[in-house]
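K.L.:
Turn this into a structure:
(chains A, B and C)
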Amino acid sequence: MMKTDKGMSIIVKTVTRISVWLIILYGIYIIVHGHLTPGGGFGGGVVIALAFLNVMLAYGKEFTEKWLNFQLLHDIESSSVTVFLVVGILGISLGGAFLANFLSKGDLFELYSAGVIPVFNILIGIKVGISLFLVVWLLAGINPEEEDE
Amino acid sequence: MILPYFIIIPLIAAFLISLIAGKKDQWAISLSLIAIIAVLVLSVYSFIIFQKETLIYNMSGWKFPFGIVLVMDALTSFMLVMVSIISLTSIIFSVQYIRYIDMDWKYYSLFMLLVTGMNGVIITGDLFNLFVFMEIALFAAFILVAYGRKAEEFEAAFKYAVMGGVSSILVLLGIAILYSATSTLTMAKVAEELKLLNPKITLWVGGLFLVGFGLKAAVMPFHAWLPDAHSSAPAPISAMLSGVLIKALGLYVIIRIFFNVLDAPIIFTKAFLILGAISILLGVFLAIGQWDLKRLLAYHSVSQIGYMLLGLGLATPLGILGGVYHLFNHAMFKSLLFYNAGSVELALGTRDLQKMGNVVKILPVTAQTSMIASLSISGIPPFNGFFSKLIIIIASIQAGEFWFAFFAVVGSLFTLASFMKVQRYGFRGENIIEIVKEKIGWQMNIAMILLAFLCLLTSLLIIPGIKEVTLDPVVNVIVQKAQYFNLMTGR
Amino acid sequence: MTIYLLCFALFLVGLYGVLTKRDIVKIILSIGIMGYATNLFLVFVGYKSGAIYPILSEGKCIQPMVDPLPQALVLTSIVIELGTTALLVSLAIKLFQKYSTFDITKIRRLSG
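P.N.:
Next comes the predicted model:
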């Protein structure tokens, strides 16, 4: 990440530069282990959204806008739900009911277990992470003093 | 099994629209039309084929009392047919009307979420799932009310959102109490367990649900949000809100919970009678003083909801028949009236009845269809509103509730008076207006003609022979309350 | 029993706020308080004295657990409340743009 004059002080920027990837990693950990430990798609998604918001607070909005491709984020968000529904529909043909399990259940307490639940957790995590970030981004972008249109 | 597709099709359409529709709205329109037509075909098919049966679908393969179930009986498919007919005409009407505001896929995506929520509320057999789908429908409705981005619309949407939030929390509290008493959330199991418990629980839960869903159905003491929200929204959304949303989220759930789950305690049916009579009279009195066309129509929605509640509160088969039949008819003519108001607003740029005039000359289709709808809502034969109101009045006389029959007749007379005012000052007024701001396209005319035709056609539902295969199975579901869970638990 | 009554008192605090406060932000907060009271009630419904958290982990013997279903319901209702709050806040910002006030009694262009 490059240096800019906008945003908070150099200390905050440096700490954010190091910690943001750790926060994202922690979010991914929570999402992937959703079927074994407390947490899951929503909790992990919120952590990922907070990582992005951290960047936004420390580096300012202009930098974040350059750093992230918002059109891509929007497409990923919409397609994660579509994929969720497609996996659910696959459950009808392969598992007998909507959202039913059709993958191998695996061994208890292993990472690769619990059938389709980890898949749903990952999709929900992507959706929650991006949409929560976008909600706060949009709310922060409205200037209450000026009237648009 | 076709049950989950009523939720999947509009939901997947909503997100596909947001995925592939770009700046132009062509893709959004065609995708949403395809989705709605698919839902319409499925619901008509299921209404014709599965009339006598109760279908159960176990979501994600969990067996009946443990998982979330979807249930379909005659009442469900009846409501689904109603929702999809109004949604189809609303989408057709929106094509031109929404381009007038802006050209965007977001409207269609939200519209599909609204349909998802309503279909989900109607088809689910699980209390908490009902709450979740209700919230989906309400979210979409809040945003669509504010879609025009004017100050009044944000104000109305905020009022609606506060009222909706409070009522949802009351409903959630009721569900929590019901869960703590019965240890289950499936409606059929709840109904079974409640029979063995202290009837005081029914009173508590029923009170919370009556306020919660009464707020959503805009029954009279809880109606404050409705005139603002329904008159500020874009016309096709007003038609959706007034035509189906207050029925799917309010009255349908009241029918399902109070008749099938709580077994229709006398105290609540009496409350329905009183609330219904208050809604009929005060709603129509407030409506008759309005000069804003959409606000007048919104107050009439309160009054007409009163008729349905009155019919249901009688708790006799004839009264319930009248209530359910009026529910369907009201969707047809009230949506048509909101389309008329929308096209007049688009063409003349005003909703004030005193500023309108000679609409017959410049918008012949709008004026003629509004005549049909006005005759329907005021109860003039041979239009559908006459028959359903007649049945409700006859039923209340049969049940010995002469005062309530009298209130219904008085309400009907005042409705006639206020729509004579609409026709006299608004559509057939003396002002000569030459300048038409926007031309009304063929899509809007088709939507209006379609509903005007249905206003006549649905009056055939009451003819013996057709009634046996359309309305009677629906009434049967409501009257034989216990049948709902007996069929599901396999007894 | 006391704990349920306290929960109900919290609910009434929220309801009082919704009904009497004039500031839009306070109304939004009051709706939040009502929601938290309901969530708290749901969690209490599933509580059993002496039971542990309902998560099975490796090498642990089966013990009495609290009811996990209300916890799942609370998670769902928290997500829904997040959405409601975000929507209400965005409407409040838009209302401030249009009316330059948060006072609900001054936001009265619709009447009758």
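K.L.:
Nearest the geometric middle of chain A, what residue?
P.N.:
In chain A, the centroid-proximal residue (C-alpha atoms, centre = their mean) is residue A:129; its distance is 2.5 Å.
K.L.:
What segments of chain C are helices?
P.N.:
Under the criterion DSSP state H, helices of chain C are mapped to C:2-20, C:24-45, C:68-99.
K.L.:
Show me what stretch C:105-112 is in contact with.
P.N.:
Outside stretch C:105-112, the residues that touch it by C-beta atoms under 8 Å, 6 or more residues apart in numbering or on different chains are B:151-152, B:155-156, B:158, B:227-228, B:231-232, B:289-290, B:292, B:295, C:22, C:24, C:95, C:99, C:101. Any C-beta I mention is one placed from the backbone N, CA and C, and that applies to glycine too.
K.L.:
I misspoke; the intended subject was stretch A:123-142.
P.N.:
By C-beta under 8 Å, 6+ apart, the list of residues contacting stretch A:123-142 reads A:27-28, A:31, A:34, A:40-42, A:44-49, A:52-53, A:56, A:61, A:64, A:70, A:73-74, A:76-77, A:80-81, A:83-84, A:87, C:82, C:86, C:89-90, C:93-94, C:97.
K.L.:
Point out the ones among those that are inside helices.
P.N.:
Those of those lying in helices (DSSP H): A:27-28, A:31, A:41-42, A:44-49, A:52-53, A:56, A:61, A:64, A:70, A:73-74, A:76-77, A:80-81, A:83-84, A:87, C:82, C:86, C:89-90, C:93-94, C:97.
K.L.:
Tell me the residues on chain A that lie near chain C, please.
P.N.:
Contact residues, chain A versus chain C (C-beta under 8 Å from any C-beta of the partner chain): A:36-38, A:42, A:108-109, A:132, A:135, A:138-139, A:142, A:144-148.
K.L.:
top of these by neighbour count?
P.N.:
Ranked by the number of neighbours (other C-beta atoms under 10 Å in any protein chain shown), those place residue A:42 first, at 23 neighbours.
K.L.:
for it, what are its contacts?
P.N.:
When contacts are taken as C-beta under 8 Å, 6+ apart, residue A:42 is in contact with A:124, A:125, A:128, C:75, C:79.
K.L.:
How much space separates it from chain B?
P.N.:
14 Å (C-beta to the nearest C-beta, to the nearest Å).
K.L.:
ok, residue C:62 - contacts?
P.N.:
residue C:56.
K.L.:
picking up where we left off before, can you add distance to chain A and give the helices of chain C back as TSV?
P.N.:
As requested, the helices of chain C are exported to TSV (distance: least, C-beta to the nearest C-beta, whole Å):
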stretch	distance to chain A
helix C:2-20	22
helix C:24-45	12
helix C:68-99	5
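K.L.:
in the chain, which ranges drop under the pLDDT threshold?
P.N.:
Answering for chain A, as no chain was given. A:1-5, A:147-149 (pLDDT under 70).
K.L.:
sorry, should have said chain B
P.N.:
The low-confidence ranges in chain B, as defined by pLDDT under 70, are B:23, B:485, B:487-491.
K.L.:
residue boundaries of the strands in it?
P.N.:
B:55-58, B:69-72 (DSSP state E).
K.L.:
For the ones you listed, state which one has the densest average packing.
P.N.:
strand B:69-72 (a mean of 24; mean count of other C-beta atoms under 10 Å in any protein chain shown).
K.L.:
centre of the chain versus that strand, how much separation?
P.N.:
Offset of strand B:69-72 from its chain centre (C-alpha atoms, centre = their mean, to the nearest Å): 20 Å.
K.L.:
Check which helices and strands that strand sits against.
P.N.:
Judged by 3 or more C-beta pairs under 8 Å, 6 or more residues apart in numbering or on different chains; DSSP states H and E, strand B:69-72 is in contact with strand B:55-58, helix B:106-123, helix B:187-194.
K.L.:
Show me which residues of chain C sit near chain B.
P.N.:
C:11, C:15, C:18, C:24, C:27, C:31, C:34-35, C:38, C:41-42, C:45, C:69-70, C:73, C:76-77, C:80, C:83-84, C:87-88, C:91-92, C:94-95, C:98-99, C:107, C:109-110, C:112.
K.L.:
So which residues on the stretch 51-200 of chain B come close to chain C?
P.N.:
B:128, B:131-132, B:135, B:139, B:142-143, B:146, B:149, B:151-152, B:154-158, B:161-162, B:165-166, B:168-169, B:172-173, B:176, B:179-180, B:185.
K.L.:
Sort out for me which of these are in helices.
P.N.:
B:128, B:131-132, B:135, B:139, B:142-143, B:151-152, B:154-158, B:161-162, B:165-166, B:168-169, B:172-173, B:176, B:179-180.
K.L.:
most remote residue from chain C's center?
P.N.:
Max distance from the centre of chain C (C-alpha atoms, centre = their mean): residue C:59, 36.6 Å.
K.L.:
Give me the buried entries from the contacts of stretch C:105-112.
P.N.:
With burial judged by 16 or more other C-beta atoms under 10 Å in any protein chain shown, the buried subset of the contacts of stretch C:105-112 is B:151-152, B:155-156, B:158, B:227-228, B:231-232, B:290, B:292, B:295, C:24, C:95, C:99.
K.L.:
circling back to that earlier point, taking the residues of chain A next to chain C together, which two end up most distant?
P.N.:
Farthest-apart pair in the residues of chain A next to chain C is A:108 and A:147; separation 58.9 Å (C-beta to C-beta).
K.L.:
in the lengthiest helix in chain A, what's buried?
P.N.:
Longest helix of chain A, by residue count under DSSP H: helix A:117-141. With burial defined by 16+ other C-beta under 10 Å, the residues of helix A:117-141 counted as buried are A:117-118, A:120-137.
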